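A.B. asks: Task: produce atomic coordinates for the following.
(chains A, B, C and D)
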4 protein chains.
Amino acid sequence: MKTRTLFAEGHLIDSGILSKILNGILQDGGDYRVISFDVGKTPEAVSSIELELNCRDEGRLQAIADKLTQLGVFEREVQEAVLRPAMRDRHAPDDFYSTTNHPTEVYYRGAWRKVMKQRMDAVLVWREQYHTFACTKLRDLVHGDMVLCGGDSLRVFPAASSPRRGDFSFMANEVSSERSDRAAVDRVASELADIRRRGGKVAAVCGPAVIHTGAGDALAWLIREGYIKRLLGGNALAVHDIESQLYGTSLGVDLNTGEVIEHGHTHHMRAINYINGYGSIAEAVVQGGLTAGVMYEVIKAGIPYCLAGSIRDDGPLPETVTDMIEAQDQYAKIIEDAELIVMFSSMLHAIGTGNMTPSWVKMVCVDINPAVVTKLSDRGSAHTVGIVSDTGLFLHELVRRLTQLEE
Amino acid sequence: MKTRTLFAEGHLIDSGILSKILNGILQDGGDYRVISFDVGKTPEAVSSIELELNCRDEGRLQAIADKLTQLGVFEREVQEAVLRPAMRDRHAPDDFYSTTNHPTEVYYRGAWRKVMKQRMDAVLVWREQYHTFACTKLRDLVHGDMVLCGGDSLRVFPAASSPRRGDFSFMANEVSSERSDRAAVDRVASELADIRRRGGKVAAVCGPAVIHTGAGDALAWLIREGYIKRLLGGNALAVHDIESQLYGTSLGVDLNTGEVIEHGHTHHMRAINYINGYGSIAEAVVQGGLTAGVMYEVIKAGIPYCLAGSIRDDGPLPETVTDMIEAQDQYAKIIEDAELIVMFSSMLHAIGTGNMTPSWVKMVCVDINPAVVTKLSDRGSAHTVGIVSDTGLFLHELVRRLTQLEE
Amino acid sequence: MKTRTLFAEGHLIDSGILSKILNGILQDGGDYRVISFDVGKTPEAVSSIELELNCRDEGRLQAIADKLTQLGVFEREVQEAVLRPAMRDRHAPDDFYSTTNHPTEVYYRGAWRKVMKQRMDAVLVWREQYHTFACTKLRDLVHGDMVLCGGDSLRVFPAASSPRRGDFSFMANEVSSERSDRAAVDRVASELADIRRRGGKVAAVCGPAVIHTGAGDALAWLIREGYIKRLLGGNALAVHDIESQLYGTSLGVDLNTGEVIEHGHTHHMRAINYINGYGSIAEAVVQGGLTAGVMYEVIKAGIPYCLAGSIRDDGPLPETVTDMIEAQDQYAKIIEDAELIVMFSSMLHAIGTGNMTPSWVKMVCVDINPAVVTKLSDRGSAHTVGIVSDTGLFLHELVRRLTQLEE
Amino acid sequence: MKTRTLFAEGHLIDSGILSKILNGILQDGGDYRVISFDVGKTPEAVSSIELELNCRDEGRLQAIADKLTQLGVFEREVQEAVLRPAMRDRHAPDDFYSTTNHPTEVYYRGAWRKVMKQRMDAVLVWREQYHTFACTKLRDLVHGDMVLCGGDSLRVFPAASSPRRGDFSFMANEVSSERSDRAAVDRVASELADIRRRGGKVAAVCGPAVIHTGAGDALAWLIREGYIKRLLGGNALAVHDIESQLYGTSLGVDLNTGEVIEHGHTHHMRAINYINGYGSIAEAVVQGGLTAGVMYEVIKAGIPYCLAGSIRDDGPLPETVTDMIEAQDQYAKIIEDAELIVMFSSMLHAIGTGNMTPSWVKMVCVDINPAVVTKLSDRGSAHTVGIVSDTGLFLHELVRRLTQLEE
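C.D. replies: As a prediction, the model looks like this:
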């Protein structure tokens, strides 16, 4: 029987992490014996556990220990991290450690080093100048980079929220379309107002349905009033926003009457052609060719934004970033200082954004399709709220509520 | 080769009916030759066609002719209808004619007789006192009833709408969540206002999600203000309405904060018990035990309503009709004089209502689930509008728009 | 500050129950101090906790204590249960205890009494002849029944599963359509084979889509081979099953070619009329009028079944139970000895069945709509598996797998 | 009153096109008078109509006439097409004609010119060397290109299918999950077998759910056996295919047991790293590092394929085309000679492909989400079949059926 002594500390019980640790051991064919357990006597106090992990063979023991690392378990007699060089660009040593989106520390050169640029599915590379490791995408790995291998010298701190600590996420324990939407609007509104008051940054990720459902004016208002300070989307968001400004339609449907307009199906192409005539959206704004709408407000406010391309795109517009590596890099930079990311009707770009966001950043995802909301909510973040609702009506209600709060 | 000469007349082209006739013949293995076609020269003029239907065998010929009957095709040399007696209760002769929800006429005793109580899936029984046939449910068939058999002596007039005639249905050619909701709200609001102005009747079919999404107050307002004059639903609608009045929750979720309330999961049972203490909802209203909400307004306004039971019910409340035959009969009676039926988040009761509604009654179906909207919209009615939206936000927006119209 | 000392024992950690207890206290505005905590040193050992619950006011303290009861927490110095008589039929005292679907014990006359006929949303009535309490529906409550009031003298044991204990539920931690279906089929097949081998009972709850998707033959096979020994459904299941036997169609669609059949839309009415001619389905089987299919196998095997009516029904068939109270009673009786309930494409009847099933009965729910699967899976049962799949293909694959296992 | 005389010819009635023409005029505020109508007397014969279009103002008249062009209506006294030069790259003259996906002819230099490279949302540029116009994307427009302007000199031939002509599309008039899947599998299987027999090309567009649902082996078989000759997908399809070959998992879920595997969440990153070690997927195949699966078969068979990047990608793999303009160009080239495109669980890439496909190419779309199927089916193609089903089970059933057909 192989054995290892492990240790964990924190809000182990109320966060449910201890359940996951013990069940995880059994599920993977291991066994355990609790050596000592010191329960936090009060809600504020942390608990700590020391346990003996047992397993028939060394391979499985290592596998379980590695997995437990993701839950904040570590060996008290922690070893120095093992680093191995990348032998070619974009290729890590076989046993490289692949990151989660949770706060992570690595024990190296006698100290716990807090990882920089935390995100999931990255490789940890030692950055001498910062005296720590940085999350690095496989594709950015360069020959000679020193890569963390194995999972023994790590501590990961999964997100834990607490009702006592007043966490935002407690508004929605489950994804459901059968909930009071006004309560949801209230919470999001007060969160947006709070963040604006203290000068924080909110990023919005929006799909073209924001425009189709007639909520372009609401989104433009949120940007103009300073509630939203970063915008992420795709080519179609801008195309239909501009179409709606030029023709009053979105994909050829009149936004006021809901009727399909004669020739409307060509409007989005004419919108693209119109912008191409100016050379860019920004130039159209400068020259007075575009005087309202989401993109107008974005450009006027000078806030960071990125329109990522996709295989579905028409055009695309000049500002659309057609290379996905470049688009991902821009997205990552734009959300760097956001403390809240709101996502409206955008499966593709919302998941793309979710992939690069650390677990401690709050996210709100509004979509009429419960599957999208579930997918986004299910990232191990304790601060994500999923709302199944109609984006158009939701955004208008949100503007109405914020207007009331402002008065 | 067997042959029959058929005739059809009406708005054959703009309604698309002629396409269905010709395709239907081919699809079922028949063939046709157009004898004469007189096209309506203007939008108002009707067209008429005379065609020869050919088929290898008599059985198939009859089958196709019967099917064409549903599309308004009839034999010019129409035969007297064949009636045969029901030989036992609830059992029609084998070749009984099964109705559609479209206007139908039967040629009998030398004249075309317009069918009474039109609905789908019924049997046509001769009613001597009215000199015509009445749609009769199989279960209401009585030994000796004279039942229409075969499909040769009929004319059916499928619903046809026209943009020129300003039909309501032209607002939504397709079911989509990606449409401007405010346009949809506008149309429904002006339709409701029109009907109230001229004293018409609107029936609402509502699921419990109306309450869960916090829109109970909006529905109560629509009843109080006289926009809705008949209410159809199930036990759960009333249970959660009363729960929300007593506890401020729906299924235990606080409607103001969206939070799950301590003990909230028992609230719906306590609401039922509370009403049982009075003996009925009506008695609770009379005695001042229930002073607001949907059921309060229904009872105060004295409008016809029915709460149909289901296998999922808790309780049920005293007013719930637990026998489905009785509930269907009540439903059918309640919608008899409705000119518009609005359906909110109610798959079960909405489909039940749709089954018994003639094709010329307007229906609006609002649901967050596109499948429900599609199912309801797809009944061959030209006057049905499907809206994929969030019921809670939609109803509140509707109240806001009607309030503006009233001013 | 009001205080109470509470106690809990069991698999508190791996089940996640302790997290729920501590979070629940905080969420409801209470506070706690752990007096002692004895952790189970090994996976088999139970843990126990003694804690002090604090709260500003007595009302809230009581509310929290009541809620904790649902999680198996009880006062060590447990009081005798308080019983009060129902003062009229169908009406319990205001503070009646409303049950969960978890195993429950009441402390009364100096002993813990295990509750009979456990189900959720019931009232606990003392049954002298059995020396214990029985779950009783509000509507069955009779004047003079002694009803348990308050929640102080109870212990509830929420379902806890363990990977070590080989629980069925561990196959699906989440509801997703993006999973390997063959793995799911394998598990369900081996479960069905196990239960049949040891003579256990499996109940199936089926919607009409089982027939529409062409899987009627698969369901019939499962009944004929003895894998399914109870059948719950609605009128439509039987109507379309019989339609498919008589005409090869379901709702008028040919099950072999997928084509809409001439006159097919009347087939379901003709099927009902056909059975009405015999007086009942059973009589049609006896007289040789129905010789194959789901209902044929059910009647031939003589297994318990119930077809519950609904507001949507055509007909209904003679065997359909149109009164919902009677239908619920029959359903409850039929599942009494089932150890596994499999549900295929049936939202209405599946939820109805779920409502009356204790949490320790295993349930498998297969539906193409993720929302249905989520709703069913979310009942606090640790033994429920949700599978998002195509019912028709799933059932055929299941038959194929069972046939292989039999060889 | 402004007037114009228009003409149309073809299967105007059975295709439903005449209905669309007449309704379209009214809907857009015009009026009409039929001058002559010559109905096709038999199913094979074409009809022709000459009508007078009336409108109050010239602008609206032009707008309606342009719209009717999309329905195959043209002016008998057709004018020479008006061409105007693009004054800068990527920018067409304001009144450029925007294409549909239907066959199109332009009257120019005294003759009707059949358009090359038909696709929707393109500009028509005169290509002197081919004596006709070619669909050209806005972004490919070069300064000086002669662009077709206005819509007067065009004829468009919307797709028309006929039951008599045995069209594939007649298997599914509507999108529904409640259909017999075996019938659908049969049709797709016989279509695939037919096309392979006569040496035709089938392209498959696949999402990663093909792998997640355990159907990677089925897809690999279809490629190996020559049923599928072009593959379109994204990075994730290849990542999870390779993950499943290396680890037996897809997104960390074991494909045989359905269980979440220890460390499984890192498998997809290890798969990418593994391929990066070889430099490319192709190199891994050559060097024996990848010996089975979808990508192995694709590379071994040497069939054209493209993995398009997206904002959601991890890695990406070396073969992934990260620039969307390049990816669209490769997609377009690959489907050029495909006569059937089958789409499995891929919203993003399926819509991208649909956008560039002419309306006469057959498409089959299989997805568990009805919304995706509806979106794809709704492109005005008469040859598109939407099937709501479980991709995993569907593909396995398809392989089984094809194996039977081969025997």
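
A.B. asks: can you pull the contacts of residue A:223?
C.D. replies: Residue A:223 is in contact with A:231, A:294, A:297-298, A:301, A:303, counting by Cβ atoms under 8 Å, 6 or more residues apart in numbering or on different chains. Any C-beta I mention is one placed from the backbone N, CA and C, and that applies to glycine too.

A.B. asks: what do you get for residue A:319?
C.D. replies: A:238, A:280-282, A:307.

A.B. asks: Identify the residue nearest the geometric centre of chain A.
C.D. replies: residue A:354 (2.9 Å; Cα atoms, centre = their mean).

A.B. asks: Quick check: that residue vs residue D:322, distance?
C.D. replies: Noted for residue A:354: a distance of 20 Å to residue D:322, by Cβ to Cβ, to the nearest Å.

A.B. asks: can you check residue A:129 too?
C.D. replies: Residue A:129 is 29 Å from residue D:322, by Cβ to Cβ.

A.B. asks: Over to residue A:115?
C.D. replies: Counting by Cβ to Cβ - residue A:115 and residue D:322 are separated by 26 Å.

A.B. asks: Okay, and the beta partners of residue A:52?
C.D. replies: residue A:5, residue A:33 (DSSP bridges).

A.B. asks: Make sure residue A:181 is actually in contact with residue B:392.
C.D. replies: Yes. Counting by Cβ atoms under 8 Å, residue B:392 is a contact partner of residue A:181 at 4.5 Å.

A.B. asks: Residue A:69: neighbour count?
C.D. replies: If you count neighbours by other Cβ atoms under 10 Å in any protein chain shown, residue A:69 ends up with 22.

A.B. asks: Contacts (any at all) between chain D and the worst-scoring helix or strand of chain A on mean pLDDT?
C.D. replies: Every helix and strand of chain A was ranked by mean pLDDT, DSSP states H and E. The lowest is helix A:370-377, at a mean of 78. Yes. Counting by Cβ under 8 Å from any Cβ of the partner chain, chain D has neighbours in helix A:370-377: residue A:371.

A.B. asks: follow-up on the earlier one: compare residue A:129 and residue D:322 and say which is more crowded by neighbours.
C.D. replies: Between residue A:129 and residue D:322, counted using other Cβ under 10 Å, the more crowded position is residue D:322 (23 against 5).

A.B. asks: Run the contact check for stretch A:350-367 versus chain D.
C.D. replies: Yes. Stretch A:350-367 lies within reach of chain D by Cβ under 8 Å from any Cβ, at A:351-352, A:355.

A.B. asks: possible to save those as JSON lines with neighbour count and pLDDT?
C.D. replies: Listed next are those as JSON lines, based on neighbours: other Cβ atoms under 10 Å in any protein chain shown; pLDDT from 0 to 100:
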{"residue": "A:351", "neighbour count": "19", "pLDDT": "91"}
{"residue": "A:352", "neighbour count": "25", "pLDDT": "94"}
{"residue": "A:355", "neighbour count": "19", "pLDDT": "91"}
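
A.B. asks: from those residues, which single one is nearest chain D?
C.D. replies: residue A:352 (3.5 Å; Cβ to the nearest Cβ).

A.B. asks: Contact partners for that closest one?
C.D. replies: A:308, A:328, A:331, D:310-312.

A.B. asks: Turn the residues you listed into JSON lines, including secondary structure, distance to chain C and pLDDT.
C.D. replies: Below are the contacts of residue A:352 laid out as JSON lines (DSSP: H, G, I helix; E, B strand; the rest coil; distance: Cβ to the nearest Cβ, whole Å; pLDDT from 0 to 100):
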{"residue": "A:308", "secondary structure": "strand", "distance to chain C": "23", "pLDDT": "98"}
{"residue": "A:328", "secondary structure": "helix", "distance to chain C": "23", "pLDDT": "97"}
{"residue": "A:331", "secondary structure": "helix", "distance to chain C": "24", "pLDDT": "98"}
{"residue": "D:310", "secondary structure": "coil", "distance to chain C": "17", "pLDDT": "96"}
{"residue": "D:311", "secondary structure": "coil", "distance to chain C": "19", "pLDDT": "95"}
{"residue": "D:312", "secondary structure": "coil", "distance to chain C": "14", "pLDDT": "93"}
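
A.B. asks: For the residues you listed, give me a markdown table that also has neighbour count.
C.D. replies: Listed next are these as a markdown table, based on neighbours: other Cβ atoms under 10 Å in any protein chain shown:
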| residue | neighbour count |
| --- | --- |
| A:308 | 29 |
| A:328 | 27 |
| A:331 | 24 |
| D:310 | 28 |
| D:311 | 23 |
| D:312 | 23 |
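
A.B. asks: Farthest-apart pair in these, please.
C.D. replies: A:331 and D:310 (12.0 Å; Cβ to Cβ).

A.B. asks: ranges for the helices of chain A?
C.D. replies: With helices called from DSSP state H, chain A shows them at A:17-27, A:58-69, A:181-197, A:209-212, A:216-224, A:235-247, A:267-278, A:281-286, A:294-301, A:324-335, A:347-355, A:370-377, A:391-406.

A.B. asks: of all these, which has the lowest average per-residue confidence?
C.D. replies: Lowest mean pLDDT within the helices of chain A: helix A:370-377, at a mean of 78.

A.B. asks: so, in contact with chain B or not, that helix?
C.D. replies: No. Contact of helix A:370-377 with chain B (Cβ under 8 Å from any Cβ) is absent, the minimum separation being 8.7 Å.

A.B. asks: Check which helices and strands that helix sits against.
C.D. replies: Applying 3 or more Cβ pairs under 8 Å, 6 or more residues apart in numbering or on different chains; DSSP states H and E, one finds that helix A:370-377 contacts helix A:347-355, strand A:362-367, strand A:384-388, helix C:370-377.

A.B. asks: Include distance to residue A:125 when you put those into TSV, please.
C.D. replies: Shown next, in TSV, are these (distance: least, Cβ to Cβ, whole Å):
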stretch	distance to residue A:125
helix A:347-355	19
strand A:362-367	27
strand A:384-388	28
helix C:370-377	39
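
A.B. asks: which one of the ones you listed lies closest to residue D:47?
C.D. replies: helix A:347-355 (44.5 Å).
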